[in-house]
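# Would you be able to build a 3D model of this:
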Amino acid sequence: MSINKKQLFSLIIIGVFLVPIVYFSDNVKAESYNYPSLNLKKAEINANKNISQNGVVYSTCGQLDLNWCRATNPNASGNGPFEFKWGDGNVSCSWFPGSHNFSKPGRYIAKVRVKNTCGLISERSSDVLIENSYPVMEITSALIDHKNIELNGLASAKCGEIDENWCKKINPNASGNGPFEFKWGDGRVSCSWFSGTHTYNRSGSFIIKVRVKDTCGFISERSKYIF
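Predicted coordinates:
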């Protein structure tokens, strides 16, 4: 079989251009498919500002690099292949589920990364909303008869229960017993349930402050001005 100059030129063109195109396509396909497959489930958040983030991962190429997170974040808490950046400046290394306690309410972007032994890293993020968990408290009325006052209100815990012993713990010399701390504005303090009662030694204007704490450690305060 003989090949003329025109046919030879066509084969050279095909040989030059076809091979690089096939090689490039195969290279891109193999690389994109080798990243770890990482998917996050919906985060579970309780009233105490604790989050539990679960997920599913496949190494795809090689295995999960179990030491990467600690090597990258030597000051991170915990041990495990997943890097959890919680969005509040804290970083932890663990397996799924990762857990964290936020110090205050707010909206955070939690980022999770993992690396396989082929050197490829995948990242996913989760929008985290930590809501206010402080006890709900309202002063409903103040009944005043001369120098006597009766203060009524309502309160409920959003996290845990109302701490019934807290007031006496921090005010051992206060009168009464109960979860609510009444600072009557004249220097005296009492612990009781609603309604709180008090007798003033003198006439005047006073700012009454009432506080309550739940078993999760959150404290709410309300005030009432009387004259």
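# rest of the way, CA atoms for contacts and neighbours
OK.
# any low-confidence regions in the protein?
Along the chain, segments meeting pLDDT under 70 span 1-32.
# Ile121 - nearest residue in space that isn't next to it in sequence?
Once flanking residues are discounted, Ile121 sits nearest to Lys115: 4.3 Å by CA to CA, 6 or more residues apart in numbering.
# actually Glu164, not the one I typed
The spatial neighbour of Glu164 that comes closest, neighbours along the chain excluded (CA to CA, 6+ apart), is Pro179 at 4.2 Å.
# Trp68 too?
Nearest to Trp68 is Pro81, by CA to CA, 6+ apart, at 6.4 Å.
# And for Gly176?
Cys191 (5.1 Å).
# buried stuff in the strand or helix carrying the one you found?
In the assignment (DSSP states H and E), Cys191 maps to strand 189-192. The neighbour-count check on strand 189-192 (16 or more other CA atoms under 10 Å) flags Val189, Ser190, Cys191, Ser192 as buried.
# repeat for stretch 164-177
For stretch 164-177, the neighbour count (16+ other CA under 10 Å) marks Glu164, Trp166, Cys167, Lys168, Ala174, Asn177 as buried.
# my guess is the fifth one meets Lys168, correct?
Same thing as Ala174. Yes: look at Ala174 against Lys168 with CA atoms under 8 Å: they come within range, at 6.8 Å.
# Could you name every residue contacting both of those two?
By CA atoms under 8 Å, 6 or more residues apart in numbering, Ala174 and Lys168 have these common neighbours: Cys191.
# For Ser125, what is the enclosing helix or strand?
Per DSSP H and E, the secondary structure element for Ser125 is strand 121-130.
# My error: substitute Leu151 in the last question.
Assigned by DSSP H and E, Leu151 falls in strand 148-156.
# Sheet partners, orientation included, of that strand?
Take DSSP bridges as the rule and strand 148-156 pairs in its sheet with strand 136-145 (antiparallel), strand 196-199 (antiparallel).
# For the residue nearest to Asn50 when sequence neighbours are not counted, list the residues it contacts.
Leaving aside its sequence neighbours, Asn50 sits nearest to Asn101 (CA to CA, 6+ apart; 4.4 Å). Taking CA under 8 Å, 6+ apart, we find Asn101 in contact with Asn48, Lys49, Asn50, Ile51.
# cool, and Thr117?
Cys61, Gly62, Gln63, Leu64, Asp65.
# In PyMOL, how would I select the buried members of those?
Buried residues among the contacts of Thr117 (16+ other CA under 10 Å), as a PyMOL selection:
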select buried, resi 61+64+65
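# CSV for the contacts of Thr117, including distance to Phe227 and secondary structure?
Below are the contacts of Thr117 laid out as CSV (distance: CA to CA, whole Å; DSSP: H, G, I helix; E, B strand; the rest coil):
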residue, distance to Phe227, secondary structure
Cys61, 75, coil
Gly62, 76, coil
Gln63, 73, coil
Leu64, 69, strand
Asp65, 69, coil
